[in-house]
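In: Mind looking at a prediction? Sequence and model below.
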Number of protein chains: 2
Amino acid sequence: MTSAPQLSHRASIMPASPIRKLVPLGDQAKQRGTHVYHLNIGQPDIPTPPEFYDAIRSYEEKVIAYGNSQGIRLFIESIQQYYGSLDIALDYDDIVITTGGSEAILFSMMAIAEPGDELIVFEPFYTNYNGFAVMAGVRLVPIATQAEDGFHLPTTEEIEQHITPRTRGIIICNPNNPTGTVLRDDELMQVRDVALKHNLYVLSDEVYREFVYEGATRSVLEIEGLEEHAVVMDSLSKRYSLCGGRMGSVISRNKRFMDVVLRFGQARLCTATLEQVGSAALVAAGAKYFEPMISEYRQRRDATYEELQKIPGMLCRKPSGAFYIMAQFPVDDIEAFSAWMLTDFSDGNETTMLAPGPGFYATQGRGSSEARLAYVLNAPECRRAVELVAKGIEQYNSVNRKDK
Amino acid sequence: MTSAPQLSHRASIMPASPIRKLVPLGDQAKQRGTHVYHLNIGQPDIPTPPEFYDAIRSYEEKVIAYGNSQGIRLFIESIQQYYGSLDIALDYDDIVITTGGSEAILFSMMAIAEPGDELIVFEPFYTNYNGFAVMAGVRLVPIATQAEDGFHLPTTEEIEQHITPRTRGIIICNPNNPTGTVLRDDELMQVRDVALKHNLYVLSDEVYREFVYEGATRSVLEIEGLEEHAVVMDSLSKRYSLCGGRMGSVISRNKRFMDVVLRFGQARLCTATLEQVGSAALVAAGAKYFEPMISEYRQRRDATYEELQKIPGMLCRKPSGAFYIMAQFPVDDIEAFSAWMLTDFSDGNETTMLAPGPGFYATQGRGSSEARLAYVLNAPECRRAVELVAKGIEQYNSVNRKDK
């Protein structure tokens, strides 16, 4: 009787964040006076546009009141305007503002899939899809992509082998977190054809849209034939260095789908009013903000990739987008190595925090020697952070070898 | 092939907000130049404390960055301090910051109940429990409370009749939305005894804690024996007139439960950074903010109740807490009447928007002549809004009578 009541099954399978689980070890390292380079989390250091702060500081209403569940008009119209600048025409009701891309993912999954239903996802994938799938009771069906061919999509046959009567949609992330891969047009057509043939939703995570360093890609909203199938899960977090703003949106031309998303939105009343007011001002920052930012990230990618290439046994392709590199390390157990970097290693009183690979896979055993590196520091810092990884690997493997 | 793919079952049963569904009709009335008194939504007009704005305006960080998933330290400590002022000692890890009380409800339900599991709720109840239950796949089991005895709890026997092997918890809301009822200590003991006997969680929505006009009540966190069972779903929305801030928390001394809530929190990364910075400054507003506010609301309640008493056939008890009155109207169909007030009625170019009763019930057919009135306007406005209701009822019933 005095024991605690049981928790739910989903509570027991709910994953801890692999991006954040090393944080306690990092904090201990910092308490010892060690500087930690954070390559583990996609937290950009680029200043948030001043337009955001200015709009919030000049907000004059005396009450921080509920907004509409769909979002405040000014912000929704600014998103229409932003998509207009990409030549994507959207109706006002094609947009529902969400608390970050996170809520956009959760609402989208819940709208199309019932507990026990399946969503196809290409692994490695953004780790928190796992968490939202557990919350929604939805089963993620992972299909492997390979480092050797730049994590591009598998064949149509392979995708179709994973479709069952319970499949409700395909999740893509373009440009990709964690691989940095940018989908080619033939891949988008492949996704379209499969979606139309099997009548599946395409949930497209496009939060890294601007982060393309070579070539170009498109939004699923631009693909003819997918009007009723395409859903974009969007966020301002990366685009405007606004991770702590929690401003996202669900966008689709499927009116029945959007009506469901709005009802989910009504249950939680609205998203933060001030953050919407600030975000509505960001569309004005536009291209003049993106251009120097992308050129800065390109340098960071090049620096990080160059340093990784110097490490014997390190395998990775140069990614074309987002701000991540998924690399295969010359170590047996990436989880142990990543923890060791924080607990046992330092060089000049500095070390590096990584995001271990297994968290980005749903298939048990995959990713065990991979890690994701987020190149969100300036180029010299990225170089130094990877140099620390290089020294760490050397020391770790020599210690390990002695142990054996 | 070109038709839209199907939506989930939960999408089809997801309710629209009964508090907000009349909004389009209200907007049309406003477009005709009619002033609408909003008694439909618990949106206070009391100014948010200046401490909130000051803290945000003086925030100097150049990047709006992710915070910890649990919440930022300053804010969590301010909540510890606030509960300390109520003589409730909490560990730092007893608290997880959430995006409004809404997310606190969703996370709490998901942590303890699996799709198909049951939660007991006393109806009428806060309408959005319905929406979160649908999202979580959880079944709400409503037990009726009665207007005649002030919506107090039913007998233990009646509660126990509704407990099944799938029951995981009991939801209480104290002070209550929508009834304004404040639980007596013997009722809290009754809930404790049932929870301990059947090993159930007690999910306690205490967002109206300060809004008590007669007598007193306690938090479930103060009840001995419930250390592992008590969960508080809290929010600053009403307490500090911060509805658009979306700042809430889940609080429990059950460490395993809190670990699950934190993992749910990690999936969605964090809550809004600036809003947390502002909210951390609010504990300093404290009693000097609450006292005049509560005295103001007491006047509003008295004015609203007095005017309601003047309406022939209107039935309600004077509530002791929150800022709502659930009243039984002398009309056949409250949904039709509430809509008619916006589409067909005006007096001196003014009308009143109500929240129709059925949305606060899970049992089909209940509440069909009830409405919730939120006395969130000043006393003269509350009087005028109810006077409009009185005139509306007279006119509506005479028209209806003629129709028949």
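Out: On my side now, so go ahead.

In: C-alpha from now on. contacts and neighbour counts both.
Out: OK.

In: ok, and what's touching stretch A:194-204?
Out: Defining contact as CA atoms under 8 Å, 6 or more residues apart in numbering or on different chains, one finds that stretch A:194-204 is touched by A:108, A:112, A:156, A:160, A:167-174, A:191, A:220, A:225-226, A:229-233, B:1-5.

In: tell me what the helix or strand containing A:Arg256 is packed against?
Out: Counting by DSSP states H and E, the element that carries A:Arg256 is helix A:255-267. On a contact count with 3 or more CA pairs under 8 Å, 6 or more residues apart in numbering or on different chains; DSSP states H and E, helix A:255-267 meets strand A:95-99, helix A:100-112, strand A:247-252, helix B:128-136.

In: Using a markdown table, lay out those together with distance to B:Phe151.
Out: Putting the helices and strands packed on helix A:255-267 into a markdown table (distance: least, CA to CA, whole Å) gives the following:
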| stretch | distance to B:Phe151 |
| --- | --- |
| strand A:95-99 | 35 |
| helix A:100-112 | 34 |
| strand A:247-252 | 39 |
| helix B:128-136 | 18 |
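
In: With mean neighbour count, mean pLDDT and distance to B:Met326 as extra columns, can I get those in JSON lines?
Out: JSON lines is the format used below for these (neighbours: other CA atoms under 10 Å in any protein chain shown; pLDDT from 0 to 100; distance: least, CA to CA, whole Å):
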{"stretch": "strand A:95-99", "mean neighbour count": "26", "mean pLDDT": "98", "distance to B:Met326": "31"}
{"stretch": "helix A:100-112", "mean neighbour count": "26", "mean pLDDT": "97", "distance to B:Met326": "32"}
{"stretch": "strand A:247-252", "mean neighbour count": "26", "mean pLDDT": "98", "distance to B:Met326": "35"}
{"stretch": "helix B:128-136", "mean neighbour count": "23", "mean pLDDT": "95", "distance to B:Met326": "16"}
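
In: Flag the shaky bits of chain A, pLDDT-wise.
Out: Across chain A, the ranges flagged by pLDDT under 70 are A:1-2, A:401-404.

In: what ranges do the helices span in it?
Out: Applying DSSP state H to chain A gives helices spanning A:9-13, A:23-31, A:50-57, A:73-85, A:100-112, A:128-136, A:156-161, A:185-198, A:255-267, A:273-280, A:286-309, A:334-343, A:379-403.

In: coming back round to it: so which of the helices and strands packed on helix A:255-267 gets nearest A:Glu60?
Out: Nearest to A:Glu60, of all the helices and strands packed on helix A:255-267, is strand A:247-252, at 21.0 Å by CA to CA.

In: Direction included, what does that closest one pair up with?
Out: When pairing is defined by DSSP bridges, strand A:247-252 lines up against strand A:95-99 (antiparallel), strand A:230-235 (antiparallel).

In: which residues touch that strand?
Out: Contacts for strand A:247-252 (CA under 8 Å, 6+ apart): A:94-104, A:108, A:221, A:227-228, A:230-237, A:258, A:261, A:275-276, A:279.

In: 6 Å instead, please
Out: Identification of contacts with strand A:247-252 by CA atoms under 6 Å, 6 or more residues apart in numbering or on different chains yields A:94-101, A:104, A:231-236.

In: quick check, nearest of those residues to B:Gln395?
Out: Among the contacts of strand A:247-252, and counting by CA to CA, the member closest to B:Gln395 is A:Val96, at 39.2 Å.

In: Quick one: residues contacting the closest one.
Out: A:Val96 neighbours (CA under 6 Å, 6+ apart): A:70, A:249-250.

In: what number of residues lie near A:Pro24?
Out: Neighbour count of A:Pro24, defined by other CA atoms under 10 Å in any protein chain shown: 11.

In: same deal with A:Leu90?
Out: Using other CA under 10 Å, A:Leu90 has 18 neighbouring residues.

In: The nearest residue to it once chain neighbours are set aside and A:Cys270: what is the separation?
Out: Nearest non-adjacent residue to A:Leu90, counting by CA to CA, 6 or more residues apart in numbering or on different chains: A:Gln80, 6.0 Å away. To A:Cys270, A:Gln80 is 19 Å away according to CA to CA, to the nearest Å.

In: neighbour count winner among these two?
Out: Neighbours around A:Gln80 and A:Cys270, counted as other CA under 10 Å, are more numerous at A:Cys270. The numbers are 26 against 19.

In: A:Lys197: neighbour count?
Out: A:Lys197 has 11 nearby residues by other CA under 10 Å.

In: can you check the one 3 residues further on too?
Out: Applying the criterion other CA under 10 Å, we find 26 residues in the vicinity of A:Leu200.
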